[in-house]
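[1] Sequence unavailable; structure follows:
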């Protein structure tokens, strides 16, 4: 079982033109870390640093917190899948998988060419 820590924080030094602060996620596994932007922003006054969540019961705060929870769930699922595949997860691997970096896609023709020998064997 990998000890994974996921935390969300805002960067006050990089305020956007609308006055809000961008939200970042930090993944830590075995003292190694990776960070990425979650492409959401929040008013600095509404952010709870210790919880890594937005304060309040407004619809915007609720949606933002749900979005952050979904990211956290996706990260945990990726780590679980890596463990099932006997891959040692690193923060960079988890981040890249979450963001879709270096993901290899198979086009329909490629998938057909790969499965054609299997289909011919069954016929």
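    Yep, that arrived. Computed from a predicted structure; not experimentally measured. Residues are numbered from 1 along each chain as shown.

[2] Buried ones in stretch 48-65, by neighbour count?
    52, 53, 54, 61, 64, 65 (16 or more other Cβ atoms under 10 Å). Quick note: C-beta positions are derived from backbone N, CA and C, even for glycine.

[3] Quick check: closest non-adjacent residue to the last one.
    Read that as residue 65. Distances taken as Cβ to Cβ, 6 or more residues apart in numbering place residue 53 nearest to residue 65, at 5.2 Å, with adjacent residues excluded.

[4] who's in contact with the one you found?
    8, 47, 65, 68 (Cβ atoms under 8 Å, 6 or more residues apart in numbering).

[5] circling back: may I see the buried residues of stretch 48-65 arranged in TSV, with pLDDT, secondary structure and distance to residue 25 as well?
    What follows is the buried residues of stretch 48-65, written out as TSV (pLDDT from 0 to 100; DSSP: H, G, I helix; E, B strand; the rest coil; distance: Cβ to Cβ, whole Å):
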residue	pLDDT	secondary structure	distance to residue 25
52	92	coil	9
53	94	strand	13
54	93	strand	14
61	92	helix	18
64	95	helix	13
65	95	helix	14
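
[6] if we can go back for a sec, mind listing which of the contacts of residue 53 are in helices?
    Taking DSSP state H, the ones among these that sit in helices are 65, 68.

[7] re earlier: could you work out the most separated pair of the buried residues of stretch 48-65?
    52 and 61 (13.0 Å; Cβ to Cβ).

[8] and residue 8, what does it touch?
    Residue 8 sits in contact with 23, 24, 25, 26, 38, 52, 53, 68, where contact means Cβ under 8 Å, 6+ apart.
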